[in-house]
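Student: with the input below, show me the fold.
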Amino acid sequence: MDLIAIATLRARARDGDVQALGALGKRLLLGLGTAAAPQEGHACLVDAAARGDGEASAQLALLAGWGVLRPQNWPEALDHLQRAAALGWLPAQRELRFLARQGGDDWPTLRDRVDIAAWTAAPAARQLAASPQVRAIDGFATPAECAWLIALARLGLRRAQVYRQDTAGYTDSGTRTNSEADYTFGNADLVLRLIIERISRAIGLPMCHFEVAKLLHYEAGEQFAPHYDFQDPAIPALAREVARRGQRV
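Tutor: Next up, the predicted model:
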């Protein structure tokens, strides 16, 4: 990634370049090309948004929606997203329309039409087996929601890996040939946050217990062969993983 030097961004921001100020805030927040400085990055974003930077307002919406550097707050998140849309930030306009499930450019009306309860409500589950417990949830996400999530991460697809058993980390394996991409703060949005909360409500576990969300892609003939998803504590490297992150359910 070709990144402008942080010193250059700082100088431009000091000279009144609002876009540079917003870009500086995002870089400091995520640690892109520099050491992460979340609090300073947040302050830059707040300043840039106040000066009319739509992208900075969208970043503040993300922080409020995910509860980063502040308590999670949906009204605040939607207020920031509405302002970003009004300032002309096209990704915010698309997202607000999608969340409202309605077109148009009346941003206050669209913001008011976003139904958080409806977005996070999980459809009823069907029990397929009692022991072990296996349930199916029909129509959990709409085709449009699935297409939205795919578009968020598909450019980051890479060869999927498995846990190493000799040391920490991951490795390629002939038993897994599909590709995957992580959803990180750099490519997340409020739609993803709402659907993850829907998953949380469906399974009765808090989001803080979740691993990083991933997009998995399978071409014809690709596979992830039968395997166990728990971490075998008899294998030292996986025992250390359990000690660090906990066992999978």
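
Student: so where's this structure shaky on pLDDT?
Tutor: Low-confidence segments of the chain, defined by pLDDT under 70, span residues 1-2.

Student: show me where it has strands.
Tutor: Using DSSP state E, the strands found in the chain span residues 126-129, 134-136, 158-159, 162-163, 170-171, 179-182, 214-217.

Student: how distant is the fourth one from the center of its chain?
Tutor: In this case it means strand 162-163. 22 Å (CA atoms, centre = their mean, to the nearest Å).

Student: list phi and psi for the residue most central in space within the chain.
Tutor: For the chain, residue 188 is the residue whose C-alpha lies nearest the centre (CA atoms, centre = their mean; 3.0 Å). When quoted as degrees, to the nearest 10, the phi and psi of residue 188 stand at phi -80, psi 170.

Student: surely it meets residue 152?
Tutor: Yes. The pair residue 188 and residue 152 qualifies as a contact (CB atoms under 8 Å) at a distance of 7.5 Å. In this view, the C-beta of every residue, glycine as well, is placed from N, C-alpha and C.

Student: related to what we said a few turns ago, for the residue nearest to the centre of the chain, what are its contacts?
Tutor: The neighbours of residue 188, taking CB atoms under 8 Å, 6 or more residues apart in numbering as the test, are 62, 66, 152.

Student: out of those, who's nearest residue 247?
Tutor: Each of the contacts of residue 188 was checked against residue 247 using CB to CB; the closest is residue 66, at 25.3 Å.

Student: residue 124 versus the closest one, what's the distance?
Tutor: According to CB to CB, to the nearest Å, residue 66 and residue 124 sit 27 Å apart.
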